[in-house]
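*Asks:* below is the sequence, then the predicted model.
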Amino acid sequence: MAKKIILLSLATAFMAVGCVAFPDDGYHDGRYDHGRNYGYGYDRGYDYRYDREYDRQRWEYQQRSRLEQERRRQEIERRNWEQNRKNQQDWERKRNAAERQLLEQQRQKAQHDRDKRNEYDRKKRDQAQQNPEQRKQLDHQRQQQNKRWNDSRRQQND
């Protein structure tokens, strides 16, 4: 008996919840009459097609607004993308110009260093070519001085 009572109460609770969750009379919009026309009312001659037309117009307007908003957003994104691309190209152009300038300065410095080294080597060669003659002259002068010095020493010793 207790089982029957429990089963009956569960079935009743389930049916009550099901009826509230899934009413048979359709959409409930909060009015007491649930949108029904009870015969002789103030809206007896009202044509509900006007509501559908208004809803359609409102939907079309919203669609147009959404499309226009999406088009504007895409246009802004496209402009931003183009601006970013232009900025990127300008930055790369400036960076490439700075690299070229740096390479040119390095090339000029290397050329200047080579020219200095070549000039130093040339002077060294010229000096090496002139040195034997000067060395001969200096050696001859030294020999003459040494000879005179030796002669003067000999004379003192004698």
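*Replies:* Cool, got the structure.

*Asks:* host element of Ala110?
*Replies:* In the assignment (DSSP states H and E), Ala110 maps to helix 49-157.

*Asks:* I'd like to know which elements that helix is packed against.
*Replies:* Packing contacts for helix 49-157, counted by 3 or more CB pairs under 8 Å, 6 or more residues apart in numbering; DSSP states H and E, involve no helix or strand. Every residue, glycine included, has its C-beta placed from N, CA and C.

*Asks:* below-threshold pLDDT in this protein: ranges please.
*Replies:* Within the chain, the ranges that satisfy pLDDT under 70 run 16-50, 128, 130-132, 135, 158.

*Asks:* please redo it, this time with the cut-off set to 50
*Replies:* Filtered on pLDDT under 50, the chain yields no residues whatsoever.

*Asks:* circling back: off-centre distance for the helix holding Ala110?
*Replies:* 26 Å (CA atoms, centre = their mean, to the nearest Å).

*Asks:* number the residues from 754 up from this point.
*Replies:* Yes, from this point I'll number from 754; that puts the last item at helix 802-910.

*Asks:* distance check, Glu857 against Ala863.
*Replies:* 11 Å (CB to CB, to the nearest Å).

*Asks:* next, the buried residues of stretch 811-818.
*Replies:* Going by neighbour count (16 or more other CB atoms under 10 Å), nothing in stretch 811-818 comes out as buried.

*Asks:* check contacts around Leu763.
*Replies:* Leu763 makes no contacts at all, as judged by CB atoms under 8 Å, 6 or more residues apart in numbering.

*Asks:* alright, that wraps it up for me.
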